[in-house]
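Participant: Here you go, sequence then predicted model.
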4 protein chains.
Amino acid sequence: MELWYSQLQTDNIKFSIKVKEHLYTGKSPYQQIDIFDSEEMGIFLIIDGIVMLTSKDEFIYHDMIVHVPLATNPAIKKALVIGGGDGGTVRELTRYSSIEKIDMVEIDEMVVAAAKKFLPLTAGRLDDPRVSLYFEDGAEFLRNTKEKYDLIIVDSTDPIGPGEGLFTNEFYQNCYNALTDDGILVNQCESPFYEKNAKEMRRAISKINRLFPISEVYQYHMPTYPSGHWLFGFASKKFHPLHDFRPEKWTELGIETKYYNTDVHRGAFMLPTYVREQISRVEKSE
Amino acid sequence: MELWYSQLQTDNIKFSIKVKEHLYTGKSPYQQIDIFDSEEMGIFLIIDGIVMLTSKDEFIYHDMIVHVPLATNPAIKKALVIGGGDGGTVRELTRYSSIEKIDMVEIDEMVVAAAKKFLPLTAGRLDDPRVSLYFEDGAEFLRNTKEKYDLIIVDSTDPIGPGEGLFTNEFYQNCYNALTDDGILVNQCESPFYEKNAKEMRRAISKINRLFPISEVYQYHMPTYPSGHWLFGFASKKFHPLHDFRPEKWTELGIETKYYNTDVHRGAFMLPTYVREQISRVEKSE
Amino acid sequence: MELWYSQLQTDNIKFSIKVKEHLYTGKSPYQQIDIFDSEEMGIFLIIDGIVMLTSKDEFIYHDMIVHVPLATNPAIKKALVIGGGDGGTVRELTRYSSIEKIDMVEIDEMVVAAAKKFLPLTAGRLDDPRVSLYFEDGAEFLRNTKEKYDLIIVDSTDPIGPGEGLFTNEFYQNCYNALTDDGILVNQCESPFYEKNAKEMRRAISKINRLFPISEVYQYHMPTYPSGHWLFGFASKKFHPLHDFRPEKWTELGIETKYYNTDVHRGAFMLPTYVREQISRVEKSE
Amino acid sequence: MELWYSQLQTDNIKFSIKVKEHLYTGKSPYQQIDIFDSEEMGIFLIIDGIVMLTSKDEFIYHDMIVHVPLATNPAIKKALVIGGGDGGTVRELTRYSSIEKIDMVEIDEMVVAAAKKFLPLTAGRLDDPRVSLYFEDGAEFLRNTKEKYDLIIVDSTDPIGPGEGLFTNEFYQNCYNALTDDGILVNQCESPFYEKNAKEMRRAISKINRLFPISEVYQYHMPTYPSGHWLFGFASKKFHPLHDFRPEKWTELGIETKYYNTDVHRGAFMLPTYVREQISRVEKSE
C-alpha cells in the first residue's frame, strides 16, 4: 500500500517516508503529535507535521547533543534539559554516573506519554531516579528557577509554535543566569543550507554570541532533517570545546556510542566556509 | 503548477524537488539524461532518474573531490578524471596553475553536450587548453593507457549501468598502475547510511584497501544525495591526507572556496563510529 | 501534516487522498486491510492497496448494484451476495421488505469485523434477521449450494488475489445454475477506460455472454475508482433491464436514494460508442 | 524517472500523471500554459496548474459539447465558440457541412499558438475557411457584437482567472441577446461531486435558469477532471434537447464519434438524484 508521510522541507523540497502504520495521533493544547511505523526508519515521531525523530537516526542527534558538552567537561553534575520530550537526551545523560541531577522541562505532557508508549527506545530512561520531569513552559521555568546547572541543553523544536520562546534574548539570558561559572549551554541550532533554516540559525547565534564569552557551532549528519546538515550551538562561560577538550578522559569512561567519538568531536567544529561566513557576518553585524 | 521530480532514495524514502521547467531530455546509448530548472536547487541534472548535481549544492561535491587531494599534494601536475561529464571536477582542477595536463574520460558524449548547453556553471572550463576530452569507457581507457598520472579522480555515477565497470578489482588495479609513485586516487564512494549505498561503499573500500598502502575515507554534507552523508575514498602510494597535509601551503595558493577549507579537510576524515565500524569490518574480512 | 494514501490506478496515473488518521491495519490470510479517516472522503477502506469504498461515494456503487436489478424485477425474494464484506450491498437489499432471504458469502471474516467496527455506515444492517453470513470462498459455495436464488450479486474486488476465482467460466456457470428461471446476475465489471481495467471487463463479459440469453452492461460515475467511469454486468435468464422495466412499480415502493432513480436506470445502459465497440468486438470474437 | 504532474483537485484529493517530457512552458498576460507528454494520457495541456485536456480523453469532452446541440438542431448554421483555445470544439463543429460560419473568441493567443504547435490533434482544423479567430475577451466580444448565432458554446476554464467573466449574469444575458430565436447555449458547467465544483455549477445554473425558457444539465464521464463526473449546461429559446431530439436525423449525417451516440444523448440528461436535488434547490431559491 502506498501510504507516505511527507514533509515540505522548504516550499520546493519534499522528503517522504513510506508508512507501514499510523500508530498514534493526538492534539495537545500545544501541537499535533503523530507517531508512525515504517520499514526504512522504524518508528518515527512527527510534531506539527515535522520529523522530530526516527528510530534509525536519533542516535546521531542524541550522541551529539550530549557527548560533546560532557566530553568537554566530564565534571558536569547538574543538567537541565529544556524540551526533549521523547526522552533521548535524558537517556544519554543517564549514562554518566557522575551526573547527580537531571531536570527536564517539557511543555507538553502528551509528547512524553506518547513517547513512553511507542518509543521506549528513547523514553526508556525517563524513570531514572536522578530525573525530575516538569511539565511546564521552559522559558517560564528558567525565568523563575533558583537552581544553578552545569549544563543546559535546549532540545527544542523549530522556533515556530511552542518552541518560539526558546529562541529569544530573554531566554538565553536566563540560561546564562542559571548556569554555574563552569556552565555550558547547548542548543538546537537549525541548519546552514536552506535559507529558511539558516535565517533561524543566524538569529540564534547572534543572540548567544552577545552573552557568552565562548560561543561555537558544531555540525552533524542528520539524514531526516532538511539538507541532512544540522547544527548545535555550544556556548560557555569558561570551557572551550576544543581547547579544553581532553579526549582521553572521555575515552576512559568507556561509554559506547554509534556516532560520537573523540575525533568526531573535533571534526564537528570544522565548519565549511559558507557556514563560517554566515556566522562571521552575524558577528560583524553585532 | 505542481510538477515534482522524485527520486526513490531507497524503496521507502522519496526525495522530491519542485520543477519549474524540464529543459532537456535525451536518451544516449548509455543512459537517460534529463535537465530541469527549479526554484530551490536551480538547474539540476538527472541521469537514469538519479540526481547527479544541482546548481545549489554541486560546489560541495566538487570542492571535496578536488581540493582534498590537491591540498595533500600541491605538486600534482597530471590529472585524470574518469566520468565527471558535467565538467565540475575539471573546473576545480583548472584553478590550479600548477596543473599541466587534465585528461577527462567520459563514456557519454551526450552528457557533456547537454552540460555545455544547460550547465555552464560546471561545464564552463572544459575548453581550458590543458584539458583533453576522451569519449570512451573509463575502464577501457585505463586498461590501455601508457600515461602516468599524479592524480586519478573517479567521478562516477552509482555502480549500476555505465558506472559499473568503475567499481571492479581490475579497474582499481589499472588505476594503481597508471599512477606515479606520488599518485593519489580519489573515488566517489557512496554513503554509510542507507544499506543499499553502504553495501557499495564497503565493496569499493574492500577492493581499494588491498591495493593501496594508504586508503582512507572522507565525508561531506551533500543535501541532494541520499541521507546527505556522502563519502569519497582517498587512496595513495605515498601521501597520507592528514599526516602529509600542510595546510599553509594550500592557503598560500589563495584559492577561494565555498565549502572546502583546511579545517574541513581534517574534519572530513573524522568519521562517526558506525562508519568506522563498517570500514574496520571490511578490513578484518580481508 | 502531509500524510497521503495513493493508489497507482495505472503505472502512470496516481490518485491520492489526504489522510487524517490510519484507523486500522490488519493482514488476513487473504489480503491486507487498511481503514483510514480523511477530510474529503470520510472513512475509507483499502484492500491490498486499492480503494474499496469511501464514505462519501459508496452510495453510488451500492445504489447501482442493488436497485437496478430490484427495479427490473421487484418480485425478487431470495438474494445471494458474493463478497461485499463491507455490508453496503446487504444494507441496500434489506430496504426491500419483499426480500425474504439474503445469503452473503465473504471469504474474509476480518473484512466484516473491521467494517462492523469502523464502517457502521455500510455494515450496520448485517444483523438483519433475513441475513445469513457465510465466511467461505464464494466460488466454492456456489459449487456446492443446492439453493436457488432470484438474484446473485457479485460484489467482488478486482480479479487479482482472492477475487480471481469470481471471474472464471466455471463460476459464472455455477451462478447460472443457482439462479431461478427469473434469476438475475449482477457483477462488478471494471471499467472501459484504462486498458488494464478494460481487459478484465471484456474477459468477464465474454464469459457471461455465452451463458445468459440476456447480457448487458451498465455504467455509473464512481469518483474514487480509476477513471471514474465504472461498470456492472447485468445478466439474466428472462428479464431485460430496459424492456421489462416498470419504473412506476419501483417508484411506488418509496425507497429514497441519493444516486439511483428510474431515469438513471435507463441512462446507465446508454453506453458511449467506444464502450459499445469494445463489447461488440467481444461478441464477434465468440 | 519519477516526474509527476499533480493537480490538487480539492485541498485533500490529488490526481497525478507521470510525465515523459515537459514540452512547453509559457506565461501569457492571462495565465501560465504548460504542455506535457505522457505514457498514459499522451500529450496534455495544463493552464494555471489545471488539466485542460489530454489527448486520451479530449474526445469525450468535445463530442459532448458539440454533438448534443447539433443533434438537437441539425439546422445550426452560425456558431460562436467562447474560449476553446485548444481548437477541439471547432474541430468537431467543422465536421458539419451545414455549418457556414464559426467565430471563435479566445482571449489568449498564446494558448492557440501552443496548441497549433503541440496539439495538432485538437488544433488541426482552426484553418478551416469557415472559422474566424478573434483574440479578445469573450465577455467584451458579446457586449459589442451585432451578429446573431444559432449556437453559442462557452468552452471555458474554471470561473477563476480569465474564465471568471464568462460566469456572470451580464455575460449570459449577452449570450441570450446574441442568439437567434432558434438559438442554443451550451456551457462548461463544472461538476456536482466535490463541493468546490458543485458551488460553481449551482451558481451558473441559477443565472442561466432565469434567462432561458429551456435550461437543462447533461453529464459525461471525463476521467481527468475532478471526480470524473462532469457537466454541461444546455439552454435554449425553443429547442428541448430530449423532446425535440430526432436521433435518426443525426444518424443520417454519418458522423463517426467515439463517445457520443444518440443513446448517450438521452442518457446524459438522466441525472442522479443528488445532482437533481442540487439543481432543484437552485430553482426553488430563485
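Facilitator: Perfect, I can see it now.

Participant: Do stretch A:268-277 and chain B come into contact?
Facilitator: Yes - using CB under 8 Å from any CB of the partner chain, stretch A:268-277 reaches chain B at A:Ala268, A:Phe269, A:Met270, A:Leu271, A:Pro272, A:Thr273, A:Tyr274, A:Arg276. All C-beta spots, glycine's among them, are computed from the backbone N, C-alpha and C.

Participant: Confirm for me that A:Ile43 is in contact with A:Ser55.
Facilitator: Yes - applying CB atoms under 8 Å, one finds A:Ile43 in contact with A:Ser55, separated by 4.9 Å.

Participant: Between these two, which is the more surrounded one?
Facilitator: The residue with more neighbours, out of A:Ile43 and A:Ser55, is A:Ile43; 23 against 16, by other CB atoms under 10 Å in any protein chain shown.

Participant: before we move on, back to that, okay, and the common contacts of A:Ile43 and A:Ser55?
Facilitator: Common contacts of A:Ile43 and A:Ser55 (CB atoms under 8 Å, 6 or more residues apart in numbering or on different chains): A:Leu119, A:Leu121.

Participant: follow-up on the earlier one: out of the residues of stretch A:268-277 next to chain B, which sit inside helices?
Facilitator: A:Ala268, A:Thr273, A:Tyr274, A:Arg276 (DSSP state H).

Participant: which non-adjacent residue is nearest the first one?
Facilitator: Spatially, and ignoring its direct neighbours in sequence, A:Ala268 is nearest to A:Tyr218 (3.9 Å; CB to CB, 6 or more residues apart in numbering or on different chains).

Participant: For the one you found, identify the helix or strand it belongs to.
Facilitator: strand A:214-221 (DSSP states H and E).

Participant: From the contact counts, what lies against that strand?
Facilitator: For strand A:214-221, the helices and strands in contact under the criterion 3 or more CB pairs under 8 Å, 6 or more residues apart in numbering or on different chains; DSSP states H and E are helix A:58-72, helix A:195-211, strand A:229-236, helix A:262-268, helix A:273-284, strand B:214-221.

Participant: now the ones in helices among the residues of stretch A:268-277 next to chain B as CSV including neighbour count?
Facilitator: Converted to CSV, those look like this (neighbours: other CB atoms under 10 Å in any protein chain shown):
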residue, neighbour count
A:Ala268, 25
A:Thr273, 17
A:Tyr274, 17
A:Arg276, 16
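
Participant: Between the residues you listed, which sits nearest chain C?
Facilitator: A:Tyr274 (29.5 Å; CB to the nearest CB).

Participant: Wait, the closest one touches A:Ser191, no?
Facilitator: No - under the criterion of CB under 8 Å, A:Tyr274 makes no contact with A:Ser191, lying 12.0 Å away.

Participant: Kindly confirm my reading that A:Leu121 is in a helix.
Facilitator: Yes - checked against DSSP: H, G, I helix; E, B strand; the rest coil, A:Leu121 lies within a helix.

Participant: ok, how many other residues are close to it?
Facilitator: Neighbours around A:Leu121, by other CB under 10 Å: 17.

Participant: Wait, it touches A:Ser55, no?
Facilitator: Yes - with contact defined as CB under 8 Å, A:Leu121 reaches A:Ser55; the gap is 5.6 Å.

Participant: Spit out the residues that contact those two alike.
Facilitator: A:Ile43.

Participant: A:Pro159 in helix, strand or coil?
Facilitator: Reduced to three states by three-state DSSP, A:Pro159 is coil.

Participant: rewinding a little: could you dump the helices and strands packed on strand A:214-221 into CSV with distance to B:Leu231 added?
Facilitator: Formatted as CSV, the helices and strands packed on strand A:214-221 follow (distance: least, CB to CB, whole Å):
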stretch, distance to B:Leu231
helix A:58-72, 16
helix A:195-211, 24
strand A:229-236, 15
helix A:262-268, 14
helix A:273-284, 20
strand B:214-221, 5
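
Participant: got TSV for the ones you listed, with mean pLDDT and distance to D:Ile65 too?
Facilitator: Listed next are the helices and strands packed on strand A:214-221 as TSV, based on pLDDT from 0 to 100; distance: least, CB to CB, whole Å:
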stretch	mean pLDDT	distance to D:Ile65
helix A:58-72	98	57
helix A:195-211	94	46
strand A:229-236	98	54
helix A:262-268	98	65
helix A:273-284	92	56
strand B:214-221	98	55
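
Participant: among these, which is nearest A:Pro223?
Facilitator: Across the helices and strands packed on strand A:214-221, A:Pro223 has its closest neighbour in helix A:58-72 (7.9 Å, CB to CB).

Participant: A:Ile102 belongs to a helix?
Facilitator: No - A:Ile102: not assigned to a helix; according to three-state DSSP it is strand.

Participant: what sits against it?
Facilitator: A:Ile102 makes contact with A:Lys78, A:Ala79, A:Leu80, A:Val81, A:Val90, A:Leu93, A:Thr94, A:Asp128, A:Arg130, A:Val131, A:Ser132, according to CB under 8 Å, 6+ apart.

Participant: Domains in chain A, by residue range?
Facilitator: A:4-54, A:58-284 (automatic domain parsing).

Participant: and the most centrally placed residue in chain A, what are its bridge partners?
Facilitator: Closest to where the C-alpha atoms of chain A average out (CA atoms, centre = their mean) is A:Asp155, at 3.3 Å. Beta bridges link A:Asp155 to A:Gly83 when assigned by DSSP bridges.

Participant: what are the bridge partners for the residue nearest to A:Ala268, then?
Facilitator: Beta-bridge pairing for A:Tyr218 (DSSP bridges): A:Phe232.

Participant: Would you mind checking which helix or strand in chain A has the lowest mean pLDDT?
Facilitator: helix A:273-284 (a mean of 92; mean pLDDT, DSSP states H and E).

Participant: Identify the residues contacting that helix?
Facilitator: Outside helix A:273-284, the residues that touch it by CB under 8 Å, 6+ apart are A:192, A:198, A:201-202, A:205-206, A:209, A:217, A:219, A:231, A:271, B:257-261, B:264.
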